[in-house]
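Chemist: Sharing a model prediction with you, sequence too.
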Amino acid sequence: MKKDKDTSGLIIFLLAAVIVHFVSAGQINTVSNLPTAKELLDKFAENQGKVDSYIIKCEIISNQNDLNKGDPALVMKSGKHKSKQILEIRCDGSRVSSRLQTWNDNDLDANLNPKSTASRNYTSFLWNGKDFFDYSIPSIRYGGPGQINRQLDKDDAHQIALGSTGLRQFQGYLISPRSNQRIDSHLLREAKQMSVINKTEAVGGVDCFVIDADSISGKYSIWIDPLHGYNISKSLVHNRSGDVIENSKIAADVVSSYEITRFEKINNIWFPMEASAIKKVTYRYGNFSEISSRFRITNLELNPDHNALHSFEPNDIPNGTGFTVVNYIGFKFTWQDGKLIDEDGKVTIDLTEKNK
């Protein structure tokens, strides 16, 4: 009888070839099926548009390390500092209110708890749709701690009220605290280079899509989380000296990063609730400032009754507060029950609800 040839080696070879083919095809398919950067930015924008009326309360704990070798152009002093801030933001999609209490260094105990419920530093911004109120203690402004600007539009008012809090990063405003541009704006969509890298990267146990972009305002790496409403779960931004933001060149080198450490689903919408952030600014002559912060949202209320809550009234300003008004050069006023009284005791501007 003729003995059959041993075909086991051939079978193993063919099986191996088939396996390699399918594995390779799977990898290629995974790469080819990655969403584009534009699609991811559209998904992000869609999620951000779901809620525009809210009240947010947030706790921010920061450690800061500054080095100034004597550059008179820098107001900062060398040293390490710590702070705790309590922030409340109210917004109805147009009007916005931001109130920030800050305790620094000696105002805190070893556990970073305030020694007093009243903070030495307080800042509030309010745009009621017409007037923009800027109130801060201690005052660094001629004429007193209060100022009214009647010339701002909604975007500028939101940028001023929210840009300096750090919380606006959660909403995708990564370009600069001075900028009204969100990451899905034309600044990134028209970047000279923007792409999705050919693999996902895990952030907090979730495989995220990563957008890399290089624009006139800086270099960006943005991790988009598909399991948590296409929110940004992590970002790394490098604004280089000479880059352009809002038509102005950046004088320093700024590297900012943040990562969301906890999401929460409220009314079927995913919200970032806790995050860590690091920002390092490098100036000339080797001077620098580095801040590491932890953010924790302590309360989030969606679609509140702002009118019943008087959310957009300047009810935190005590009578007798000194005020100035933009473009009223040289004039000083006093706040009294929603009215600005001039130095002769006459009502110059009535800001009470019935006269708006």
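Modeler: Cool, the structure landed.
Chemist: how much space between the nearest residue to Leu227 once chain neighbours are set aside and Arg240?
Modeler: Leaving aside its sequence neighbours, Leu227 sits nearest to Val206 (Cβ to Cβ, 6 or more residues apart in numbering; 5.0 Å). All C-beta spots, glycine's among them, are computed from the backbone N, C-alpha and C. Distance, Val206 to Arg240, using Cβ to Cβ, to the nearest Å: 30 Å.
Chemist: Stretch 155-163: how far from the chain's middle?
Modeler: 11 Å (Cα atoms, centre = their mean, to the nearest Å).
Chemist: mean confidence for it?
Modeler: Mean pLDDT, stretch 155-163: 82.
Chemist: Also stretch 332-340?
Modeler: pLDDT averaged over stretch 332-340 gives 90.
Chemist: Go ahead and confirm Asp214 touches Gln193.
Modeler: Yes - look at Asp214 against Gln193 with Cβ atoms under 8 Å: they come within range, at 4.4 Å.
Chemist: quick one, which of these two is more surrounded?
Modeler: Asp214 (15 against 9; other Cβ atoms under 10 Å).
Chemist: host element of that one?
Modeler: strand 206-215 (DSSP states H and E).
Chemist: Neighbouring strands - and their directions - for that strand?
Modeler: Strands that pair with strand 206-215, judged by DSSP bridges, come out as strand 193-196 (antiparallel), strand 201-203 (antiparallel), strand 218-225 (antiparallel).
Chemist: buried residues in it?
Modeler: By 16 or more other Cβ atoms under 10 Å, the buried positions in strand 206-215 come out as 208-213, 215.
Chemist: Please apply the same query to stretch 214-231.
Modeler: Quick answer for stretch 214-231 (16+ other Cβ under 10 Å): 215, 217-226, 228-231.
Chemist: Distance check, Ala202 against Ser256.
Modeler: For Ala202, the distance to Ser256 - Cβ to Cβ - is 22 Å.
Chemist: Between these two, point out the one with more neighbours.
Modeler: Ser256 (21 against 10).
Chemist: surely Asn149 meets Asp131?
Modeler: Yes - at 7.5 Å, Asn149 and Asp131 qualify as touching, with contact defined as Cβ under 8 Å.
Chemist: if we can go back for a sec, among the buried residues of stretch 214-231, which one sits closest to Ile291?
Modeler: Lowest distance from Ile291 to these (Cβ to Cβ) belongs to Gly218, with 17.9 Å.
Chemist: Point out where the protein drops to low pLDDT.
Modeler: 1-32, 140, 142, 164, 175-180, 353-356 (pLDDT under 70).
Chemist: Lovely, talk soon.
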